[in-house]
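Student: Sequence and predicted structure, then a few things I'm wondering about:
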Amino acid sequence: MNDGVNGVALAVFIFFFVAVTAMGFLAARWRRAADEQSLDEWGLGGRSFGTWVTWFLLGGDLYTAYTFVAVPAAIYAAGAAGFFAVPYTILVYPLIFTFLPRLWSVSHKHGYVTTSDFVRGRFGSKGLSLAVAVTGILATMPYIALQLVGIQAVLDVMGVGGGEDTNWFVKDLPLLIAFGVLAAYTYSSGLRAPALIAFVKDTLIYIVIAVAIIYIPIKLGGFDDIFASASDKFAASGKGGVVPDAGGQWTYATLALGSALALFMYPHSITATLSSRSREVIRRNTTILPLYSLMLGLLALLGFMAIAAGVKVDNGQLAIPQLFENMFPDWFAGVAFAAIGIGALVPAAIMSIAAANLFTRNIYKDFIKPDATPQQETKVSKLVSLLVKVGALIFVLGMDKTVAINFQLLGGIWILQTFPALVGGLFTRWFHRWALLGGWAVGMVYGTVAAYGVASPTQAHFGGSSDEIPGIGEIGYIGLTAFVLNVLVTVVLTFVLRAVKAPDGIDETKPGDYTADAGDAGVQVELPPATAGSSH
């Protein structure tokens, strides 16, 4: 690492940072609505985004600083196991093609802003809605923190903030400035800010990856030498290598499958989805979003390149920024650092908005102030978005940076437990609301306790997301095991509760709501009473 500040790279980084900051504030004027004081406008961009804006927004939402920093860092540290992110992003798109258009339609029909809104309306249960909301907020917090860690990794490599012995305020001042700017334009512009900035972010990422995948291998002697260096390193360390060893295959497969199921359960994924203007926009996006998976596969190779380039870092999350620092000219290193930094700002903004919307609609309005006006909802959501970011900042400044990814994986375990209520509810109402709540509780408790018992070289608890699968004996993803238990408990309890005729909640949706498009808004499909509560 450089002992001093890389002035050229820093200047380029600041240029792009200032540019996107200006865009963030100007976004408040982009597609300005007559009435801006509503969650539809501030939190969902007026539900007005077309195919390309949605594509960039979802890409900016899903391919984050975690993608740019942590995925190659996992490959740098552990070998092929880090590639789990590539198959899971391939698996996820056929899955979301089946249910996202249905979620968009019913949400558009009833004005739902969050997944918890849908769950409450579908099952007539504020308790189940609260469980989904709290889970979403808890799972989002470490994800936001991971974005701030990505910014800090870039600043560290550029030499900004001084060394480890520097006064804490001076050392963390650049991150505090970045946080302040993010908080200000998110408060001002809502979802329109990250939607507009996502164009710059994704363009920079594609440019950097295209250059890196050609330029760096040429400097390192080609991919043969890169893979040979990686194989030698992992053979010597006994960590596997470019192909997962037999002992890690269950972990690899279950982590990929569980992550695919969890990805679009995150509140920020749904927030970006519901901002679209039509059902057809969602369907198109599920077919073109796989282009990002191609990018991710190439990006993951940077972990092997860092090994071949002889990058040595104590914190694996610095590996890729350090690779760029070592291999690129200073000016292009600045472009790469800007791509990572902006790649953190965009999702952090969306995540904080999504978490704030959950609190406002499903905690504040449902339990604290049921008669809240749209203006009051918007004000509360803006304030909560600031508090969420403050919480993430405290996490980053107060804890070891190497644990951020493990806490993000814990969030994945939690958010996966909302799958039966959300996706199951989109296709059937057979599950009983109390059974879904019981299954959620079992999955949450098991997942948290199992993750607490996992140690790592840097953590006594929550050191990873894999543990022995009960009854099988193989090591697998805790989240998927918890999900299976969740489903089993839900099914068994549903049989029991329906057998004893436990009271069911009122379903405010109708079958036609799940296929309605924008032009059908306000048209209610009337059904005979006998079919109103049927499965669909």
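Tutor: Sure, I can see it.
Student: Mind giving me the packing neighbours of the helix or strand of the chain with the lowest mean pLDDT?
Tutor: Taking mean pLDDT, DSSP states H and E as the measure, helix 65 is the helix or strand of the chain with the lowest mean score, a mean of 71. In terms of contacts (3 or more C-beta pairs under 8 Å, 6 or more residues apart in numbering; DSSP states H and E), helix 65 is packed against helix 126-158, helix 330-359. Quick note: C-beta positions are derived from backbone N, CA and C, even for glycine.
Student: In a markdown table, list those along with mean neighbour count and distance to residue 196.
Tutor: Formatted as a markdown table, these follow (neighbours: other C-beta atoms under 10 Å; distance: least, C-beta to C-beta, whole Å):
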| stretch | mean neighbour count | distance to residue 196 |
| --- | --- | --- |
| helix 126-158 | 25 | 18 |
| helix 330-359 | 27 | 10 |
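Student: Would you mind giving those helices as TSV with distance to residue 483 and mean pLDDT added?
Tutor: Below are those laid out as TSV (distance: least, C-beta to C-beta, whole Å; pLDDT from 0 to 100):
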stretch	distance to residue 483	mean pLDDT
helix 126-158	13	89
helix 330-359	21	90
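Student: So which of the ones you listed is nearest residue 93?
Tutor: helix 330-359 (18.5 Å; C-beta to C-beta).
Student: OK, contacts around the residue most central in space within the chain?
Tutor: Centroid check for the chain by C-alpha atoms, centre = their mean gives residue 62 as the closest residue, at 5.4 Å. Residues near residue 62 by C-beta atoms under 8 Å, 6 or more residues apart in numbering: 89, 263, 269, 289, 292, 347.
Student: Out of those, which is nearest to residue 114?
Tutor: Once C-beta to C-beta is applied, the member of these that ends up nearest residue 114 is residue 269, at 11.8 Å.
Student: and the gap between that closest one and residue 305?
Tutor: 30 Å (C-beta to C-beta, to the nearest Å).
Student: same question, residue 67
Tutor: Residue 67 is 16 Å from residue 305, where distance means C-beta to C-beta.
Student: same check, this time on residue 380
Tutor: Note on residue 380: its distance to residue 305, by C-beta to C-beta, is 46 Å.
Student: Pick out whichever of these two has more residues nearby.
Tutor: Neighbours were counted for residue 380 and for residue 305 using other C-beta atoms under 10 Å; residue 305 has more, 26 against 22.
Student: other SSEs contacting the helix or strand hosting that one?
Tutor: Residue 305 is part of helix 302-308, with elements assigned from DSSP states H and E. In terms of contacts (3+ C-beta pairs under 8 Å, 6+ apart), helix 302-308 is packed against helix 71-78, helix 192-220, helix 223-237, helix 319-327.
Student: Next, residue 467: phi, psi?
Tutor: Backbone torsions of residue 467, given as degrees, to the nearest 10, read phi -160, psi 170.
Student: doesn't residue 479 make contact with it?
Tutor: No - counting by C-beta atoms under 8 Å, residue 467 does not reach residue 479; the two are 10.4 Å apart.
Student: So between these two, which is more surrounded?
Tutor: Set side by side, residue 467 and residue 479 show more neighbours around residue 479, with 31 against 18, by other C-beta under 10 Å.
Student: Name all residues that make contact with that one.
Tutor: By C-beta under 8 Å, 6+ apart, the contact set of residue 479 is 258-259, 262, 412-413, 416, 447, 465.
Student: Now it: phi and psi?
Tutor: Backbone torsions for residue 479, taken as degrees, to the nearest 10, come to phi -60, psi -40.
Student: Could you save the helices and strands packed on helix 302-308 as CSV and add columns showing mean pLDDT, mean neighbour count and distance to residue 274?
Tutor: What follows is the helices and strands packed on helix 302-308, written out as CSV (pLDDT from 0 to 100; neighbours: other C-beta atoms under 10 Å; distance: least, C-beta to C-beta, whole Å):
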stretch, mean pLDDT, mean neighbour count, distance to residue 274
helix 71-78, 84, 23, 27
helix 192-220, 89, 20, 13
helix 223-237, 85, 15, 42
helix 319-327, 91, 24, 32
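Student: Could you export those as TSV, including distance to residue 112?
Tutor: Compiled in TSV, those are given as follows (distance: least, C-beta to C-beta, whole Å):
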stretch	distance to residue 112
helix 71-78	32
helix 192-220	20
helix 223-237	47
helix 319-327	38
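Student: on that earlier part again, got the CA coordinates for the helix holding residue 305 in PDB?
Tutor: Output of helix 302-308 as PDB, limited to C-alpha atoms (Å, rounded to 0.1, in the frame of the first residue of the first chain):
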ATOM      1  CA  LEU A 302     -10.200 -10.200 -10.100                       C
ATOM      2  CA  GLY A 303      -9.700 -12.200  -6.900                       C
ATOM      3  CA  PHE A 304      -7.400 -14.600  -8.800                       C
ATOM      4  CA  MET A 305      -5.700 -11.600 -10.500                       C
ATOM      5  CA  ALA A 306      -4.900 -10.100  -7.100                       C
ATOM      6  CA  ILE A 307      -3.200 -13.300  -6.100                       C
ATOM      7  CA  ALA A 308      -1.100 -13.400  -9.300                       C
END
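Student: Centre of the chain to that helix, how far?
Tutor: Averaging C-alpha positions (C-alpha atoms, centre = their mean, to the nearest Å) puts helix 302-308 25 Å from its chain's average.
Student: Can you read off the pLDDT for the closest residue to residue 393 other than its chain neighbours?
Tutor: Of all residues not flanking residue 393 in the chain, residue 179 sits nearest, at 5.3 Å (C-beta to C-beta, 6 or more residues apart in numbering). Here, the pLDDT recorded for residue 179 equals 81.
Student: Compute the number of surrounding residues for residue 179.
Tutor: Counted with other C-beta under 10 Å, residue 179 comes out at 21.
Student: just to confirm, which helix or strand has it in it?
Tutor: Going by DSSP H and E, residue 179 is part of helix 168-189.
Student: Now do that helix: which elements does it pack against?
Tutor: When contacts are defined as 3+ C-beta pairs under 8 Å, 6+ apart, helix 168-189 sits against helix 7-26, helix 126-158, helix 192-220, helix 330-359, helix 374-398.
Student: Kindly reformat those helices as a markdown table containing distance to residue 456.
Tutor: Converted to a markdown table, the helices and strands packed on helix 168-189 look like this (distance: least, C-beta to C-beta, whole Å):
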| stretch | distance to residue 456 |
| --- | --- |
| helix 7-26 | 32 |
| helix 126-158 | 16 |
| helix 192-220 | 29 |
| helix 330-359 | 24 |
| helix 374-398 | 18 |
